[in-house]
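[1] my questions are about this predicted structure, shown below with the sequence.
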Amino acid sequence: MPKIIDGKAISAQIKDEVKERVAQLKAQGVTVCLAVIQVGADPASSVYVGNKKKACAYVGIESLSYELAEETTQEELLSLIGELNKKDEVNGILVQLPLPKQIDEDAVIRAIDPKKDVDGFHPQSVGALCIGQPGFVSCTPAGIIELLKRSGVEIAGKECVVIGRSNIVGKPMALLLLRENGTVTVAHSKTKDLKEVTRRADILIVAVGKPKMITKEYVKEGAVVIDVGIHRNENNKLCGDVDYEDAAPICSAITPVPGGVGPMTIAMLMYNCVNSVSLQ
Ligand code: NDP
C-alpha cells in the first residue's frame, strides 16, 4: 500500500511554526498584517477568503478585509492597492482571483508592491524564483515542496514530471523542483504521448485541471504522485485530477483529495506573510 501524504497534518505543523514566529515578532513589538481584497461575492471566493482570514486568526496575523462591489472599476481597485502599498503597517496584500471581467488581472498583480506580494504572482517574484534570488513563491507549489520534504521524499536527481504549465502552479512548480536539483519535464496539452512521458516520473505532479484523468496507465510503479486538482464530482464530493482508487495501489506515496495539497496553500500563505516582515 502507498504511503498517504497527509497534507492536513503537515499544514497544521507549518501553521504552528508560523504561529510561534508571529508570537516572537509580537514580543519584539512587530505585528504582521495581511490585507485581503475580494471583488464581488463569488461563493467559492468567499469560502477561500473566509478560510484565509481564519488561518490568520489562528496564527496571530492581523487581517484587514476589503469587500468591494462586483462593479468596482479597475481604477478603484488599483487606487486601493496603491494606498495599501504605502501603509507600513500592512505587510502583505492579497487580491482574491478571479476578478470580474472589467478588471485586468495582470494589471492588478503588477500593481502590488513586490515586497507585499504574498501570493508570489508579481513578475518580479516570478523572475526572482527563476534566477534563484530571494522573493515570494506561489503558495501551492511552495506547499508541494514542503509536502515532499516533510514526507522524506528526496527530490535531488529524481525524474520529476509536472503536468500543467499555468503561471500559478505548473511553471513555478517546475522551477522549484529544478531548484531542488530534480530533472524536470513539463507536460501540457500539446505534449505527444503523455503516458510515455509521465511513466518516466519518479515524482509526478498533476495539475491538469481534469477530474480523475490520471489513471495507473500514466504512473510508473513506485512513483510519488502529487495531485493538485480540486473538483466536485457528480455526487458533490471532492476529487482530484488523479483517479486515486485506480492509481494509488502502484504508487509509493500519494496525496489524497481532500487533505493533500489543498490545506498546504493557505499554510504557505501564512508562511509568506510572516516572511514578508524580513523582506521589508
Ligand atoms: P489551468 O487550467 O490553468 O492549467 C491546466 C494545465 O493543464 C495547462 O497547462 C494545460 O495545458 C494542461 N492540460 C490540459 N489538458 C491537458 C491534457 N489533456 N494533457 C496534458 N496537459 C493538459 O489550471 P491550474 O494550473 O490553475 O490548476 C490545475 C488544477 O489544480 C485545477 O484542478 C485547479 O482547480 C487545481 N488547483 C488547486 C489548488 C490547491 O490549492 N490545491 C490551487 C490552484 C489550482 P496548456 O497550457 O497547453 O493549455
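    Done, it's in. The model shown is predicted, which means the values in this text are computed figures rather than measured ones. Numbering: from 1, shown residues only.
[2] can you give me the strands for this structure?
    Along the chain, counting by DSSP state E, strands occupy 3-4, 33-39, 62-68, 92-95, 159-163, 183-187, 203-206, 224-227, 231-232, 238-239, 253-254.
[3] as CSV, the ones you listed with mean neighbour count and distance to residue 132 would be great.
    (Each C-beta comes from the backbone N, C-alpha and C, glycine too.) Formatted as CSV, the strands of the chain follow (neighbours: other CB atoms under 10 Å; distance: least, CB to CB, whole Å):
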stretch, mean neighbour count, distance to residue 132
strand 3-4, 14, 30
strand 33-39, 23, 26
strand 62-68, 16, 31
strand 92-95, 26, 23
strand 159-163, 27, 17
strand 183-187, 20, 15
strand 203-206, 28, 20
strand 224-227, 28, 23
strand 231-232, 12, 34
strand 238-239, 18, 35
strand 253-254, 22, 27
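[4] if you average pLDDT over each of those, which is lowest?
    Lowest mean pLDDT within these: strand 231-232, a mean of 93.
[5] against the ligand, how distant is residue 213?
    As judged by CB to the nearest ligand atom, to the nearest Å, residue 213 and the ligand stand 7 Å apart.
[6] skip the chain neighbours and tell me the closest residue to that residue.
    residue 241 (5.7 Å; CB to CB, 6 or more residues apart in numbering).
[7] so what's residue 2 up against?
    Counting by CB atoms under 8 Å, 6 or more residues apart in numbering, residue 2 makes contact with 248-249, 251-254.
[8] same list (the strands of the chain) but as CSV, adding distance to residue 131.
    Formatted as CSV, the strands of the chain follow (distance: least, CB to CB, whole Å):
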stretch, distance to residue 131
strand 3-4, 34
strand 33-39, 27
strand 62-68, 32
strand 92-95, 23
strand 159-163, 19
strand 183-187, 16
strand 203-206, 22
strand 224-227, 25
strand 231-232, 35
strand 238-239, 37
strand 253-254, 31
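[9] can you list the strands that the worst-scoring helix or strand of the chain on mean pLDDT pairs with?
    Between all helices and strands in the chain, the lowest mean by mean pLDDT, DSSP states H and E belongs to strand 231-232, at a mean of 93. Strand pairing for strand 231-232, using DSSP bridges, gives strand 238-239 (antiparallel).
[10] how about the strand it pairs with and the ligand, any contact?
    No - using CB under 6 Å from any ligand atom, strand 238-239 stays clear of the ligand, with a minimum separation of 9.8 Å.
[11] same check on stretch 184-198?
    Yes - counting by CB under 6 Å from any ligand atom, the ligand has neighbours in stretch 184-198: 187-191, 194.
[12] enumerate the residues of the stretch 101-250 of the chain near the ligand.
    Contact residues (CB under 6 Å from any ligand atom) of the stretch 101-250 of the chain with the ligand: 140, 163-166, 168-170, 187-191, 194, 207-210, 228-230, 241.
[13] is it true that residue 59 touches residue 14?
    No - assessed by CB atoms under 8 Å, residue 59 is found out of contact with residue 14, at 9.5 Å.
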